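> Generate a structure from the sequence data that follows.
(2 chains)
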Amino acid sequence: MTRDGEAGRVAIGGAATGALQGEEAARELMSRRASAPAVRVLRSGRARARRRLRHAAGLLVLSAAVTLWARRLGDGLGDASVATGWLLATVLLGLAAFNLRKLVPVLRLGPAASWLRWHASGGLFACVVFVLHVEGRVPDGRLEGAVALAFALVTLTGFVGLWMSRTFPKRLARRGEEVLHERIPRFRARLHAEAEDVVREVAGPAALASGNALASFHARRVEPFLAAPANRWAHLRGSGAPLATLTRDMESIRRRLDVEESAALDELLAICRKKDELDFHDALQGALKGWLFVHIPLTVVLLLLLVVHVWAVHAFGAAA
Amino acid sequence: MTRRMQGFGRDESGYERTDPWVCGRAASGEPCAAGPDRRGRCLQHEAVDRCRPTRSLRSRRRRLTAGVALLTAGLLAVLLGGGASEALLSPGPLVGAHADVVAGCSDCHAPDGARTAGLFPAPGLDEGATGCGACHAFGHEDARDRAHSLPAAFLPTREGGGARLADAAGASVPDHATFSCAQCHAEHRGADASLTAMADARCQTCHASTFDGFAEGHPEFVGYPHARRRPIAFDHTAHFDDYFLRESDATPSFDAAAPRCTDCHAPEPSGEMMTPRFDDACAACHGDDVAFAPRDAPVFAELPALAEPPAGLATWPTDVGARRLEVPPEMRLLLGDAAADWVALSDRSRRALAWRGLEGEELAHADAIARSLGGLVAEERGDDDALAARLCASSDGTCCDTTARGAELAGALDLPALRDALDDAADAWFAPPQGAGVLPPDVDAPEITGDAHVDAAPPPLPEDATGFLFDPAAEAVVYRPTGHADPVLAAWIELVARRVHHEADALALEDVLRDNALGTVYRRCTGCHNVDRDPVGGLHVHWDGRTPDTLVRFVHRPHLGEPSPRVTDWPEGTCATCHALRPRDEAAPANSFFYGWEGRPTDTSRLAVQFDPIPRERCAECHAPEDEGGRAPTSCLSCHRYHAGGVTHRTPAGR
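Reported below is the predicted structural model:
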């Protein structure tokens, strides 16, 4: 689970003991116990804000320095595009090293969260260097265009991933329980089976053949919903419309049900809500993992094109 | 439903290996406890319980990444190895002018490991088929790989203009030999891109004396544009004050009452310069001054008078030599290997060809020279290549070097016509009608009778004959120019001028070149066309009336105003706004505007400046930032050009 999720379930801190005695001390102790998580979350938020401010300021200063450096090179007799090109290649290799960090966690190269922060800042810095490298124009060579396109796509997917990694964990923490993404299918299957049991228990094994309203509704609307992931885009958008529609449909048949079936309908409704939560988690966690299916292959393409580009520039380029 | 589905307690959530394989029943909610092994095999013993494991997300991502990498690498290999490699690697379209003449990468990019580590480096100045120099000629070809395309001797003297180099000795001047033209002229930026656009700061890489703008801090005009040596010696004061205003018959074609600058100066098609043309501005009065009378035609070959034929030759004409008091410099260029004997001759022998009374070493040198001349005229009859080889040997390769100018010069010399004239001379001087021309030494030769080869007076040449001719009356091979700006004569004069740097002959030629002349016979040319010492070597004759090798670029047309297409419509005094003629008492005496051929363009010690300097403030009235009321550009390149003398185009061989 993500860091934001972890922050949401911060354990209550150790009890304060010692000097405080008596009823007043006990009240204060209770008060401190109750406020400790909120204080820690607040402190964590402030620390995060300060850290982001530091990163932003550092990025601005570094970008300004590189811009001045490139401008000075370009104004002089140096080749600014070659210099910024090597800088960009170095930055890109550093960014790509983030994946290596994930592949070899045993090396203790620092927390992945720190790497992610530097990866994001480095990506923004790479954008600045890229603009300096192409001198603000759109490359019109085929290879250079391909490199630029790959860079743009990698950057775009990176920004999408950054946005998702900043917003999705909060949304996940706000809704439903915390579940491992890999286990969602089994939970979904469990809910599916429970719903079958509920209907079978109320309407009997041959309920569907006998025209039971609950069984019919279950077969038509609930069972397809429980059998597979549903409403992925609606969950990504944060829309609750599909669940509301299903709930409304379920309520619409209640008048045709007896008391026992109505109670079963309540259970089905609870199961569907749980399934919707699982779908929500499945969609958001899937997106958090799925964007890498685009970002990482594109990065590899970019690096391969980069190798050819660097070779071509230095093979056909100007003398030093 | 309130119960939690996901437990995180030790007993609630066991460890499941999810990489790279996942149990095939995980999706149905009943995964095996053991799961598949790392090779994707189900570990259940009973066949009925076995599942088909599926790859984890991470594993699928790795496979996708590897597949994409392989596909990309393969695609690149195919494209780079195939015929599309040039199109793929090209970083962008060339500018229009280059795109029209360049067929492929190899036209400009060629292996040159000595200059750069690149396999196919960007084109440099090499004049080979792939260099920029193949199509672009510079004002100073020999200095094209130096800063500002100027000889080293010029750079320190430029500090008078205010743009001081970081190191006056030139030590900080970048070594342009290691530069590529692409250092400043970036190609492959599209058909409409500018190859010459440049930031002012680039100039300040070398020019340490920086300033904020043209109006603030730019050095005053010291020598520009008037206090400079000009290509043409012309006395404005005399023409305005004496010739045009004098009521005499000498200048009937001019309106003596109202001489105007525009009577002679008109904008060239480019609008940049307003250099008068001889035919339009000068010929009316000076046409006869530059004409060569037949008796004054430059001599290219004559024979010395000898007491005996030189060794190796059986016969030698007697009625030759001693006709002139000055040996033509061109003939020395035709001596080939005997040029050294010419230098060894005494000054007296070099000045006249009457060598009948020579003795000792002087006779030996004279004999060698005569033998060479005899070979030139008679033995090498009809051999154009031998003539060219002689010229190359004695001109230090000037006319046969590999530069474009060398090739151009060699073509302009019209050697086939000279050979024909020499053949005519051979017929006259060495009579044998059988064609051999010269009897071999082992054949009995007729005695020299004094006029053995002449039975009767030859007919004189027609008065209007031009070109290389054998003149029987002058007993010499001569060249009769067609008129002003004769290209053949200009080429020979330039060849002689460039020959001055030849070590062995330098002193003798300098003696001849005194008083701004390439020999008295050429005073008709060099009386107006100034001759300067070329910093690269030798002398340079300014055939072009435009001021050469300037770093300043001034375009007259926009400064004169566009509305009127005719120059005569410009208001009176327009030219004098910048070119104010000084009164006579402050100017130099007439005809002394320039002295001699010594001096660099900024050497004002021997100049008589006839115009007032232009105050910089006058230019700054318009050339100022917009927020200060300016309406003309202020960048360095608005008025300066990097390559002194400009860059011209030429068509390389084979394109």
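> use CA for all of it now, contacts and neighbours both
Fine.
> Let me know the helix or strand that residue B:419 is in.
Using DSSP states H and E, residue B:419 sits within helix B:415-429.
> tell me what that helix is packed against?
helix B:384-394, strand B:467-471, strand B:476-480 (3 or more C-alpha pairs under 8 Å, 6 or more residues apart in numbering or on different chains; DSSP states H and E).
> Now do the helix or strand following the last one against helix B:415-429: the angle between them, please.
The C-terminal neighbour of strand B:476-480 among helices and strands, as given by DSSP H and E, is helix B:487-498. When axes from the mean of the first three to the mean of the last three C-alpha atoms, to 10 degrees is applied, the directions of helix B:487-498 and helix B:415-429 differ by 90 degrees.
> tell me the domain boundaries of the chain?
Here I'm looking at chain A. Under the assignment automatic domain parsing, the domains of chain A span A:40-176+A:291-316, A:181-288.
> was after chain B, sorry
B:13-78, B:299-507.
> out of those domains, deepest packed?
Among the domains of chain B, domain B:299-507 has the highest mean neighbour count (mean count of other C-alpha atoms under 10 Å in any protein chain shown), at a mean of 18.
> could you give me the average pLDDT of that one?
Regarding domain B:299-507, the rounded mean pLDDT is 76.
> Near chain B, which residues of the stretch 201-320 of chain A are found?
Selection of the stretch 201-320 of chain A residues close to chain B by C-alpha under 8 Å from any C-alpha of the partner chain yields A:267, A:270-271, A:274, A:292-293, A:296-297, A:300-301, A:304, A:312, A:314-320.
> filter those residues to the buried ones?
Buried residues within those, defined by neighbour count using 16 or more other C-alpha atoms under 10 Å in any protein chain shown: A:267, A:270-271, A:274, A:292-293, A:296-297, A:300-301, A:304, A:312, A:314-319.
> and the residues you listed, which of them are in helices?
Residues of those located in helices (DSSP state H): A:267, A:270-271, A:274, A:292-293, A:296-297, A:300-301, A:304, A:312, A:314-316.
> In terms of helices and strands, where is residue B:211?
Applying DSSP H and E, one finds residue B:211 in no helix or strand.
> Identify the residues contacting residue B:465.
If you count contacts by C-alpha atoms under 8 Å, 6 or more residues apart in numbering or on different chains, residue B:465 has them with residue B:480.
> same question, residue A:214
Here residue A:214 is in contact with A:199, A:203, A:253, A:257, A:261, A:265 (C-alpha under 8 Å, 6+ apart).
> go with 6 Å
Taking C-alpha atoms under 6 Å, 6 or more residues apart in numbering or on different chains, we find residue A:214 in contact with no residue.
> how far away is it from chain B?
Going from residue A:214 to chain B by C-alpha to the nearest C-alpha, to the nearest Å gives 19 Å.
> Whichever residue of the stretch 1-150 of chain A sits closest to chain B: neighbour count?
Closest residue of the stretch 1-150 of chain A to chain B, C-alpha to the nearest C-alpha: residue A:141 (4.0 Å). Residues near residue A:141, counting by other C-alpha atoms under 10 Å in any protein chain shown, number 20.
> cool, and the one 5 residues further on?
As a burial measure, the neighbour count of residue A:146 was computed by other C-alpha under 10 Å and equals 19.
> Okay, buried residues for the strand or helix carrying it please.
Per DSSP H and E, residue A:146 falls inside helix A:142-174. Residues A:142-148, A:150-155, A:157-159, A:161-162, A:164-165, A:168-173 are the ones in helix A:142-174 that count as buried (16+ other C-alpha under 10 Å).
> Just give me how far it sits from the chain centre.
11 Å (C-alpha atoms, centre = their mean, to the nearest Å).
> Show me what that helix is packed up against.
helix A:292-316, helix B:85-89 (3 or more C-alpha pairs under 6 Å, 6 or more residues apart in numbering or on different chains; DSSP states H and E).
> And the shortest one, what does it pack against?
If I follow you right, that is helix B:85-89. helix A:142-174.
> Which of the domains of chain B sits closest to residue B:185?
domain B:299-507 (22.3 Å; C-alpha to C-alpha).
> Can you check what angle separates the longest helix anywhere in chain B from helix A:292-316?
If you go by DSSP H, chain B has its longest helix at helix B:57-81. Counting by the same axes, to 10 degrees, helix B:57-81 lies at 30 degrees to helix A:292-316.
> about what we covered before: any chance of CSV for the helices and strands packed on helix B:415-429, columns distance to chain A?
Below are the helices and strands packed on helix B:415-429 laid out as CSV (distance: least, C-alpha to the nearest C-alpha, whole Å):
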stretch, distance to chain A
helix B:384-394, 35
strand B:467-471, 49
strand B:476-480, 49
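> Any idea which of the ones you listed gets closest to residue B:100?
helix B:384-394 (36.0 Å).
> what are the phi and psi angles of residue B:285?
phi -100, psi -30 (degrees, to the nearest 10).
> neighbours around it, how many?
13.
> separation between it and residue B:184?
Per C-alpha to C-alpha, to the nearest Å, residue B:285 is found 48 Å from residue B:184.
> ok, now residue B:367?
When distance is defined by C-alpha to C-alpha, residue B:367 is 58 Å away from residue B:184.
> Then residue B:498?
For residue B:498, the distance to residue B:184 - C-alpha to C-alpha - is 32 Å.
> Find the nearest non-adjacent residue to residue B:463, please.
residue B:294 (6.8 Å; C-alpha to C-alpha, 6 or more residues apart in numbering or on different chains).
> Adding mean pLDDT, write the domains of chain A out as JSON lines.
Shown next, in JSON lines, are the domains of chain A (pLDDT from 0 to 100):
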{"stretch": "domain A:40-176+A:291-316", "mean pLDDT": "88"}
{"stretch": "domain A:181-288", "mean pLDDT": "90"}
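> possible to save these as CSV with distance to residue B:480?
Formatted as CSV, these follow (distance: least, C-alpha to C-alpha, whole Å):
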stretch, distance to residue B:480
domain A:40-176+A:291-316, 52
domain A:181-288, 92
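> From residue B:85, how far off is residue B:110?
Taking C-alpha to C-alpha, one finds residue B:110 at 16 Å from residue B:85.
> more crowded one of the two?
residue B:110 (19 against 15).
> so that one, which of the three states?
Here residue B:110 is coil, with the state taken from DSSP: H, G, I helix; E, B strand; the rest coil.
> element containing residue B:358, please.
With DSSP H and E as the test, residue B:358 turns up in no helix or strand.
> so the nearest residue to it once chain neighbours are set aside is in which element?
Once flanking residues are discounted, residue B:358 sits nearest to residue B:366: 8.0 Å by C-alpha to C-alpha, 6+ apart. Element membership for residue B:366 (DSSP H and E) is helix B:360-374.
> Good, wrapping up.
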